[in-house]
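Enquirer: here you go, sequence then predicted model.
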Amino acid sequence: MGEHNEDQEHGVEPARPPLSEARAREMTAGLREAMDDVRRSVAVLAARVRDAHAARVWVPLGHSSWEPYCRVEFGISRAQAYRLLDVARALSAIHDAVAAGPETSRTRDTDPGTAAALDYGLSQRALIAVSARADTVAELITHRLATLAHSGLTALDEPTVRAVVRQAVRDVRTAPAPPPAEPPADPTVAALRRAVDDLVANTHAIGELMLEVAPAYLSDTEAATGALGLLCEEIGEPLENGLAARRYAISGDRRALHGTVL
């Protein structure tokens with residue numbers, strides 16, 4: 001009894017009977033369904049954010065701009081308000097690329113409201129990560145869909161289009177930054193630029209890890225006072241650097257690192 005009570009005091013859960021394979025598969029299916037629901041919700045939210053922002057919905061409600069509108073009406077921070085726009089823009093660019101495909105428009109509903117809510121299986125984090133390079137993603141999708149359509153080897157049904165979109169987003173997220181058009185002639189400057197590029201790439205990888213403990217929907221304040229603050233303290237990383245790396249992983253914009261890592 002003493003050992004049992006001690007385990008309870010330290011938060012250790014009592015041993016549970018092993019799951020059957022059937023029950024494990026049932027629970028996994030439930031998790032998969034819940035994740036799919038979240039992704040579909042992101043798509044619907046993005047469409048509504050885009051429409052509200054385009055209509056300047058804050059004006060008749062007496063707000064000065066998008067930022068105070070989101071803060072007052074929904075209680076979200078400035079960073080969260082603009083991340084919503086990033087998600088909306090990225091998803092809109094992706095849908096436009098898909099809808100313009102040579103064969104896909106005939107297999108999809110062309111109603112704007114329905115089309116904007118199509119589920120490509122993309123998380124909010126993935127959409128935010130490519131928001132600054134949405135045009136690149138769209139060009140890649142357009143090219144790959146056209147290549148498949150002209151080859152005639154693969155039907156452009158919904159699973160195929162979904163796979164093309166997901167792969168394009170993944171490729172853009174993991175692609176290294178393009179080199180400058182004209183590398184500096186001075187070898188010292190060139191070496192410094194390579195060192196900075198390496199530092200930025202490593203910082204992006206750190207930022208991705210930071211997002212594992214403090215997801216993109218959290219504000220900087222929420223992340224700092226939660227698991228991210230504890231993680232930075234544990235690994236000896238300044239909190240400001242951790243937050244900057246997280247912002248860079250979210251936005252892909254190097255300016256997020258100015259004044260901290262760079």
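Expert: Nice, thanks for sending it over.

Enquirer: check Pro102 and give its pLDDT.
Expert: The model reports Pro102 with a pLDDT of 59.

Enquirer: what's the answer for Ala245, then?
Expert: On the pLDDT scale, Ala245 gets 88.

Enquirer: same deal with Pro183?
Expert: Here the pLDDT value assigned to Pro183 is 68.

Enquirer: okay, and for the stretch 51-200 of the chain, where does confidence drop off?
Expert: Within the stretch 51-200 of the chain, the ranges that satisfy pLDDT under 70 run 101-119, 152-155, 176-181, 183.

Enquirer: again, only this time at 50
Expert: Judged against pLDDT under 50, the low-scoring parts of the stretch 51-200 of the chain cover residues 105-117.

Enquirer: which parts of it are helices?
Expert: Under the criterion DSSP state H, counting those that start in this stretch, helices of the stretch 51-200 of the chain are mapped to 66-74, 78-99, 112-116, 124-129, 134-151, 158-174, 187-213.

Enquirer: looking at those helices, which is buried most?
Expert: Ranked by mean neighbour count, the helices of the stretch 51-200 of the chain are led by helix 124-129 with a mean of 23 (mean count of other C-beta atoms under 10 Å). (C-beta placed from N, C-alpha, C; glycine too.)

Enquirer: in the helix or strand harbouring Gly30, what counts as buried?
Expert: Assessed by DSSP states H and E, Gly30 sits inside helix 21-54. Buried residues in helix 21-54, counted by 16 or more other C-beta atoms under 10 Å: 39, 42-43, 45-47, 49-50, 52-53.

Enquirer: turn those residues into a markdown table, columns for distance to Thr260.
Expert: Formatted as a markdown table, the buried residues of helix 21-54 follow (distance: C-beta to C-beta, whole Å):
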| residue | distance to Thr260 |
| --- | --- |
| Arg39 | 32 |
| Val42 | 29 |
| Ala43 | 33 |
| Leu45 | 30 |
| Ala46 | 29 |
| Ala47 | 35 |
| Val49 | 29 |
| Arg50 | 31 |
| Ala52 | 33 |
| His53 | 29 |
